[in-house]
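> this one's sequence-less:
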């Protein structure tokens, strides 16, 4: 039966319009509201607000803490991308290629942090880093490295690097599964051909596995970047609250502090606009940098 | 056909986008402040604009918002029950909890607030609420309020209410006082001297460090205002009186550069350099620092009266709470207490202001003040409440109450109003650096002056 033009449009409308309405209400409306509020001085808890034009944007450019928060975000982005991708790739290859008997068990173990709330992970790691009772300092003392012990989250130098470990730990599982899916789709004959040509394990990884799972790697990197820029504030908020002395504030946690602790909701909205712009630029740049011909053998 | 479909689809998309943009950018019902005072909002200062109870009869629904923190909610439950018995025509709706300030935010934003609000806990700021015009001006009404014995309420407070340009928007309910806590049993056991000024404080901390090998002083680095409100405010008051305290709170030019402020910050630096301040404090939230104190990892901690109640479940059996006003005062001068008042207020847009006023008047009685101490282990802001013979009141509170009422031992100072979060936050940031030994007193003062200048808008 041939579908009439009207039926086709009706079906398309049926599929698209509800989604688009939801998208508009929950994404576009907050987006434009945020933009709108960024032009006001508003405490966020009162009925009155004052239109201040671009004052909040001027303040943004003169705020000494903003450049630090951007750097902290990118520090987390860079370390997380490197850490998660290396670990996830390593584990994914090990679990698929090395024919380990306990592979399903490890898959569950590594994926486990992904089903935990980030808040729980943050609290857990706060205890691990506790200067007096924490596992890290106790472990260092046990192996005779007392000089290395320090209040990790309480040090202006070490607090930010200390946030990287839980973030990587929490992120490996999902990307490991994604990459395992990619590796499982590679035909065995590619490896056989490579072996006949005399390629060792490392060369097989480098010239067969890696190019063929590049789309998954690209998606993983983009996903880590976007989720870090938008969501790293949860772990910061739970573990350090942005301190000590702003040394761990990321853009999101600083937005939260301005909007909800200092009652500068309009300025908070301005920081939100900045996060949007920075995230967009970063993703566009990454798309460009990670552009690569699709490989098929 | 494809092109035609694309064209139609684009048209629909653009229309919807335009509608959303229009909705997003349209002014809400909420008035936008044009900088001029709104006549309707400001003419009615004593809240007589109520629609529900124009004849002065106390009846109808009364909504009360109160934060439940370290002091629990048992006192509130009892008072509300008594109030409903006294005014059978009033039905009280309680909005209470640890996150109630956040949960009720949308009600305040939409102009439909509860009638009575107890301002305490995270997410609440009396200063901000006054600046936002959310609280009723109580100046005239409060003058006529009397206690059960006929004494005027305004003359019966231990600590004066906060005023904003001379106007009264809230009445202080809880007399919270920050001070320094120690374990009396431990001090008795080791024979440590309880400090009474900064020099004896340093000397006792030295003894503790020599004897036990610990860093004696701890506070929370995640909430540095525990140190500023608990140690620095009393220090400013003891050295420079109400005037210096007010200058610091209001971010006056040069306040941090006065000789007194410089001396105080150098004292703090001295504590840090002597190794008396816990080097891990930057990582600690308030409960972690309090746990360390209870576990005897440290010997002194600045917290308010609520500490024993808040840590009741974790306090070791042999631990005996001892409270002193923070010993930052010079030798020979009385110790200083700066009350941190937790007020009760009526919303400017209260739906039932008559019942709200009746409730506020009902709460302020010496009977409920004594009951408050029994329930919470803290003090309600009313004078001449005799706690000494009440077996249900903890020992430390009786001692503290005696001290507060003895001007030779302790002087009470007042801040004009709480410090604005816009000033307190940058000061707190620098303070952590000073306590971690990453800033000198001189560098801290420089940063504090910059923060004050930013706050003044310079």
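That came in fine, so what should we check first? Nothing here was measured: the structure is a model prediction, and the numbers come from that model.
> give me the phi and psi for residue B:96.
Dihedral angles of residue B:96 (phi, psi; degrees, to the nearest 10) stand at phi -140, psi 160.
> run through the bridge partners of residue B:94.
Bridge pairing for residue B:94 (DSSP bridges) gives the partners residue B:64.
> so it sits against residue B:61, correct?
No: between residue B:94 and residue B:61 there is no contact under CB atoms under 8 Å: 11.5 Å. C-beta coordinates here come from the backbone N, C-alpha and C atoms, glycine included.
> those two - which one has more neighbours?
residue B:94 (16 against 13; other CB atoms under 10 Å in any protein chain shown).
> and the more buried one, what is it in contact with?
Residue B:94 is in contact with B:64, B:66, B:76, B:80, counting by CB atoms under 8 Å, 6 or more residues apart in numbering or on different chains.
> among those, which one sits closest to residue A:136?
residue B:66 (40.7 Å; CB to CB).
> wasn't that closest one part of a strand?
Yes: counting by DSSP: H, G, I helix; E, B strand; the rest coil, residue B:66 is found in a strand.
> wait, doesn't it sit right on residue B:100?
Yes: with contacts counted by CB under 8 Å, residue B:66 reaches residue B:100, the gap being 7.0 Å.
> can you give me the strands for the chain?
By default, I'm working from chain A. A:40-41, A:49-51 (DSSP state E).
> ah, I was thinking of chain B
Under DSSP E, chain B gives strands at B:32-33, B:60-67, B:90-97, B:116-118, B:163-164, B:167-168, B:171-183, B:301-304, B:321-324, B:335-337, B:339-346, B:379-380, B:410-412.
> quick one: average pLDDT of the fifth one?
Same thing as strand B:163-164. On average, the pLDDT along strand B:163-164 is 86.
> tell me how far that strand is from the chain's mean position?
Chain-centre distance of strand B:163-164: 16 Å, with CA atoms, centre = their mean, to the nearest Å.
> what does stretch A:13-32 give?
24 Å.
> next one: stretch A:126-140
Mean-position distance between stretch A:126-140 and its chain equals 25 Å (CA atoms, centre = their mean).
> can it be said to contact chain B?
Yes: shown here: stretch A:126-140 in contact with chain B (CB under 8 Å from any CB of the partner chain) through A:126, A:129-132.
> got the end-to-end distance for that stretch?
Start to finish, the residues bounding stretch A:126-140 are 17 Å apart (CA to CA, to the nearest Å).
> which outside residues touch it?
Against stretch A:126-140 from outside (CB under 8 Å, 6+ apart): A:146, A:148-154, A:162, A:238-239, B:279-280, B:283, B:288, B:292, B:297.
> let's see it at 7 Å
With CB atoms under 7 Å, 6 or more residues apart in numbering or on different chains as the test, stretch A:126-140 has contacts from A:146, A:148-149, A:151-154, A:162, A:239, B:280, B:283, B:292, B:297.
> buried set for it?
Using 16 or more other CB atoms under 10 Å in any protein chain shown as the test for burial, stretch A:126-140 gives A:126, A:128-132, A:134, A:136-137, A:140.
> out of the strands of chain A, which gets nearest to chain B?
In terms of CB to the nearest CB, the element of these nearest to chain B is strand A:49-51, at 4.3 Å.
> packing partners of that closest one?
In this structure, strand A:49-51 makes packing contacts with strand A:40-41, strand B:32-33, judged by 3 or more CB pairs under 7 Å, 6 or more residues apart in numbering or on different chains; DSSP states H and E.
> show me which residues of the stretch 201-350 of chain B are close to chain A?
B:221-222, B:279-284, B:292, B:297 (CB under 7 Å from any CB of the partner chain).
> just the helices in the stretch 251-400 of chain B please.
B:259-273, B:286-294, B:307-310, B:353-363, B:366-376, B:395-404 (DSSP state H, counting those that start in this stretch).
> could you check how far residue B:121 is from residue B:312?
18 Å (CB to CB, to the nearest Å).
> more neighbours, these two?
residue B:121 (18 against 11).
> what does the stretch 51-200 of chain A put close to chain B?
Counting by CB under 7 Å from any CB, the stretch 51-200 of chain A sits next to chain B at A:51, A:129, A:131-132, A:151-156.
> most neighbours of all those residues, which one?
Counting by other CB under 10 Å, top hit in those: residue A:153 with 29 neighbours.
> the residue nearest to it when sequence neighbours are not counted: what's it in contact with?
Counting by CB to CB, 6 or more residues apart in numbering or on different chains, residue A:153 lies nearest to residue B:283, which is 3.9 Å off, once chain neighbours are set aside. The contact partners of residue B:283, by CB under 7 Å, 6+ apart, come to A:129, A:131, A:151-154, B:221.
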